[in-house]
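*Asks:* got a sequence here, can you model it:
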Amino acid sequence: MVKSMTEGNPLRLIVNFAIPLLLGNLFQQTYNMVDAIIVGQYLGPDALAGVGASSSVQFLILGFCTGSCAGFAIPVAQEFGAKAYDRMRSYIFHAVLLTMAIGVIMTTVCGVFCSNIMYLMKTPDKIYDDAYIYLFIIFMGIPFTLLYNLLAGILRAVGDSKSPFLFLVLSTILNIGLDCLFIMVFGLGCAGAALATILSQAVSGILCLILIYKKFELLQLKKSDMYVNTRYLYRSLFMGIPMGLQYSITAIGSMVLQSANNSLGSVYISGFTAGSKIKQFAMCPFDAFATAVANFCSQNLGAEKYGRMKRGIVIGTTISVSYGIFIGLILNLFGYNLSMLFVNMDQVDVLKASAKYVGRLGLFFWALGFLNVSRLTIQGIGYAGLSILSGVFEMIARITVSLVFVPKFGFNAICFADQSAWIAAILYCVPLLWVLVNRLERRSGWNKF
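*Replies:* I've put the predicted structure just below:
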């Protein structure tokens, strides 16, 4: 059901919206974790390295798709908050057109140049075959990734964060079953892990589509909604493409970092892969609360309730930073034990590398509380173009560490690359957010609560 966030207690609204998002993010990461656990434990560390050797490339491509879909949903949330439902449906129509175009282009280009990408990533010969087949199949599943993220973004824009979560639960269970079937029974190796992931993603997207068709009449397109309006098209592009590029620009730095790590050998590739899985899982609450705050601010911007926007930002940041301090302590105390989910106990060197990586990350996890809330809120209030610079700062920081410090300090430098990127982006995003919110408030000349 649709849910307005322009009335009621901001803390309760944000938490209620964030909880299904958090659980959904956890299940989304479970996709990747199940792949890594089964591949690492059943197929061995080289296969795990093959799956992980292209993770930054996946972030580059799939991050662009995910970010673009999130951007296309921003005008939907704003028009929903303003109760302008005809305009809202028109933006949905334009989002569908743009997503279809992205799907065709990205799938074709990535499929054709997959081998070139592996070469640029300096993928070692011993893991090349596994890495290539895994990445190629993931690329062929781009339309399914777009389908789910667009429809889930639209549902969240109108206040429904529970349905996408429930569908992810079902598809995660399916993913686990398909992993076991394709890898353990059919012996498909890394290809089986990739197939399980994209088929599960397809199921979650199709379920979102069925739900909208059957239950959300407000979101169903009418004939009068299905015409191209250049103003709506440009606004959707202005929101979506910068958000996609922001993800991709950030990923470029991660690609350079991963390429530098790949040059250190398979032990560090496996350790970095296992540590990255733990990192991604631990980051889920940051994404959930930041997305909740961004949606809260988008709807209240449409309703011109700027005081509520500020309260939402403070609430979301406080919760996120507190979580960052807590999870950072957990990562430092139990990083080695958590790494054993992905790596056999006898792979001591890999376990030590993974534990070292996540432990160093844990020292700075509080920073993500500031970064994610500020960046996603900047995007949510319509300044996606300005948020790109935060990705540029992250990219510069990671590239600097990769090219200057990794040759001198090896894996020790890898362990501090992300933190330098986070701090660089925070110094830009946090001041910018408050400047933008205050500017919007001054322009309105009044403050609603």
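*Asks:* distance of Ile14 relative to Arg311?
*Replies:* 9 Å (C-beta to C-beta, to the nearest Å). Quick note: C-beta positions are derived from backbone N, CA and C, even for glycine.
*Asks:* one more: Leu21?
*Replies:* 19 Å.
*Asks:* one step back: more crowded one of Ile14 and Arg311?
*Replies:* More neighbours surround Ile14 than the other of Ile14 and Arg311, with 23 against 18 (other C-beta atoms under 10 Å).
*Asks:* how many neighbours does the residue lying closest to that one once chain neighbours are set aside have?
*Replies:* The shortest distance from Ile14 to any non-neighbouring residue, by C-beta to C-beta, 6 or more residues apart in numbering, is to Ala292 (4.8 Å). Other residues lying near Ala292 total 29 when counted by other C-beta under 10 Å.
*Asks:* for the helix or strand containing Ala292, the distance to its chain's centre please.
*Replies:* Assessed by DSSP states H and E, Ala292 sits inside helix 284-302. Centre-to-centre, helix 284-302 and its host chain are 14 Å apart (C-alpha atoms, centre = their mean, to the nearest Å).
*Asks:* and for stretch 405-425?
*Replies:* On C-alpha atoms, centre = their mean, the centre of stretch 405-425 falls 21 Å from that of its chain.
*Asks:* stretch 342-358 too?
*Replies:* 25 Å.
*Asks:* in that stretch, what counts as buried?
*Replies:* For stretch 342-358, burial by neighbour count (16 or more other C-beta atoms under 10 Å) applies to Phe342, Val343, Gln347, Val350, Leu351, Ala353, Ser354, Ala355, Lys356, Tyr357, Val358.
*Asks:* who's in contact with the last one?
*Replies:* When you say that, I think you mean Val358. Contact analysis of Val358 by C-beta atoms under 8 Å, 6 or more residues apart in numbering lists Gly275, Ile278, Lys279, Ala282, Leu331, Gly335, Leu338, Ser339.
*Asks:* go with 6 Å
*Replies:* Applying C-beta atoms under 6 Å, 6 or more residues apart in numbering, we find Val358 in contact with Gly275, Ile278, Leu331, Gly335.
*Asks:* which other residues reach the helix holding Ala292?
*Replies:* 5-6, 14, 17-18, 21-22, 25-26, 29, 74, 77-78, 81-82, 156, 308-309, 312, 316, 319-320, 323, 368, 372-373, 376-377, 380-381.
*Asks:* on that earlier part again, restricted to helices, list the buried residues of stretch 342-358.
*Replies:* Counting by DSSP state H, the buried residues of stretch 342-358 place Val350, Leu351, Ala353, Ser354, Ala355, Lys356, Tyr357, Val358 in helices.
*Asks:* quick check: mean pLDDT of stretch 192-211?
*Replies:* Confidence over stretch 192-211 (mean pLDDT, whole number) is 91.
*Asks:* what about the strands in the stretch 201-350 of the chain?
*Replies:* Using DSSP state E, counting those that start in this stretch, no strands are assigned anywhere in the stretch 201-350 of the chain.
*Asks:* now for Ala424, how many residues are close by?
*Replies:* 20.
*Asks:* for Gly391, that is, sorry about that
*Replies:* 26.
*Asks:* would you mind giving me the confidence score for it?
*Replies:* 84.
*Asks:* separation between it and Gly271?
*Replies:* 26 Å.
*Asks:* rewinding a little: now the buried residues of stretch 342-358 as JSON lines including pLDDT and distance to Glu217?
*Replies:* Listed next are the buried residues of stretch 342-358 as JSON lines, based on pLDDT from 0 to 100; distance: C-beta to C-beta, whole Å:
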{"residue": "Phe342", "pLDDT": "76", "distance to Glu217": "45"}
{"residue": "Val343", "pLDDT": "75", "distance to Glu217": "50"}
{"residue": "Gln347", "pLDDT": "81", "distance to Glu217": "54"}
{"residue": "Val350", "pLDDT": "86", "distance to Glu217": "53"}
{"residue": "Leu351", "pLDDT": "89", "distance to Glu217": "53"}
{"residue": "Ala353", "pLDDT": "87", "distance to Glu217": "53"}
{"residue": "Ser354", "pLDDT": "89", "distance to Glu217": "49"}
{"residue": "Ala355", "pLDDT": "89", "distance to Glu217": "52"}
{"residue": "Lys356", "pLDDT": "91", "distance to Glu217": "54"}
{"residue": "Tyr357", "pLDDT": "91", "distance to Glu217": "49"}
{"residue": "Val358", "pLDDT": "91", "distance to Glu217": "46"}
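*Asks:* would you turn those residues into TSV with distance to Thr107?
*Replies:* As requested, the buried residues of stretch 342-358 are exported to TSV (distance: C-beta to C-beta, whole Å):
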residue	distance to Thr107
Phe342	29
Val343	33
Gln347	36
Val350	34
Leu351	37
Ala353	34
Ser354	33
Ala355	37
Lys356	37
Tyr357	32
Val358	33
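*Asks:* which of the residues you listed sit farthest apart?
*Replies:* Gln347 and Val358 (15.7 Å; C-beta to C-beta).
*Asks:* residue ranges with poor pLDDT in this structure?
*Replies:* For the chain, applying pLDDT under 70 flags the ranges 1-3, 28-36, 52-54, 56, 444-449.
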